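Chemist: A structural model of the following input is requested.
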Amino acid sequence: MGTLKTEPARTRLDLLAPPVAAAIEQWPAEAPADVDEVLVAPIDAELADTAAFCAAYEVELAESANCVVVAGKRGGEVRYAACLVLATTRADVNGVVRRMLDVRKASFASMAEAVELTGMEYGGITPIGLPESWPILVDSRVVATPHVIIGSGVRHSKIALPGPALGVLPGAQVVEELARPA
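Modeler: Numbering: from 1, shown residues only. Have a look, this model is predicted:
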């Protein structure tokens, strides 16, 4: 995983946003990856955005996954979901995601909204530790990747873990063709 200096996330909760740290502390024993396989690495916060991160830390885009918060309305109710897709792809927000949320139109949540609702920093949002009521839509290519780099809830670190573990997070649904090539 490039030049990242990783250590078990459970030993470095200081590198995680509070909701992410809480989720790591409650990692299910039956998960396909042991909690000690969930690693964290400090990074330069200025390099948190995917392209800059991958270039600086020699991580392949195909090993990096992005988590985006999507919102849509139905009957006056706002419905949220998190979408996790490889950095080589883009979430099909107005196709697959819109249909899964059962809304007329879906769009990326605003930065302020995403930060407030997740308790995480923009650019570091991760599927680990999201609100329990949200579906987490995981592109099937993510779970097929042996090891994936994702956000940690903050911009100054990244999490590395086996891709299959992301498909069994609370609220996760593995979705074929959730994303399209970028």
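Chemist: contacts only, for Ala48.
Modeler: 123-124, 151, 155-156, 158 (Cβ atoms under 8 Å, 6 or more residues apart in numbering). For every residue, glycine as well, the C-beta is placed using N, CA and C.
Chemist: quick check, pLDDT for it.
Modeler: Ala48 is assigned 95 on the pLDDT scale.
Chemist: and Leu61, how many neighbours?
Modeler: Using other Cβ atoms under 10 Å, Leu61 has 17 other residues around it.
Chemist: for it, give its distance to Ala160.
Modeler: Using Cβ to Cβ, to the nearest Å, one obtains 15 Å as the distance from Leu61 to Ala160.
Chemist: residues touching the most far-flung residue of the chain relative to its centre, list them.
Modeler: Within the chain, Gly75 marks the point farthest from the mean C-alpha position, 28.0 Å out by Cα atoms, centre = their mean. By Cβ under 8 Å, 6+ apart, the contact set of Gly75 is empty.
Chemist: pLDDT below threshold where in the chain?
Modeler: In the predicted model of the chain, no residue satisfies pLDDT under 70.
Chemist: now with 90, please.
Modeler: 1, 28-32, 182 (pLDDT under 90).
Chemist: could you pull out the helices for it?
Modeler: With DSSP state H as the criterion, the chain has helices at 18-25, 50-57, 98-101, 111-118, 140-143, 163-166.
Chemist: out of those helices, which gets nearest to Ala182?
Modeler: With respect to Ala182, and counting by Cβ to Cβ, the nearest of the helices of the chain is helix 50-57 at 10.4 Å.
Chemist: neighbouring contacts of the closest one?
Modeler: Outside helix 50-57, the residues touching it (Cβ under 8 Å, 6+ apart) are 2-4, 43-44, 46-47, 59-61, 64, 66, 87, 149, 158.
Chemist: what about Met100, distance to Met1?
Modeler: Met100 is 30 Å from Met1, by Cβ to Cβ.
Chemist: and the two? Which one has more around it.
Modeler: A direct count of neighbours by other Cβ under 10 Å for Met100 and Met1 places Met100 higher, at 20 against 17.
Chemist: check contacts around the more buried one.
Modeler: Contacts of Met100 by Cβ under 8 Å, 6+ apart are 81, 135, 137, 173, 175.
Chemist: give me the beta-bridge partners of the nearest residue to the second one once chain neighbours are set aside?
Modeler: On the basis of Cβ to Cβ, 6 or more residues apart in numbering, the spatially nearest residue to Pro135 that is not a chain neighbour turns out to be Ala81, at 4.7 Å. In this structure, Ala81 has the following beta-bridge partners (DSSP bridges): Val70.
Chemist: I'd say Ala81 and Ile136 touch.
Modeler: Yes - when contacts are counted by Cβ atoms under 8 Å, Ala81 is listed as touching Ile136 (7.2 Å).
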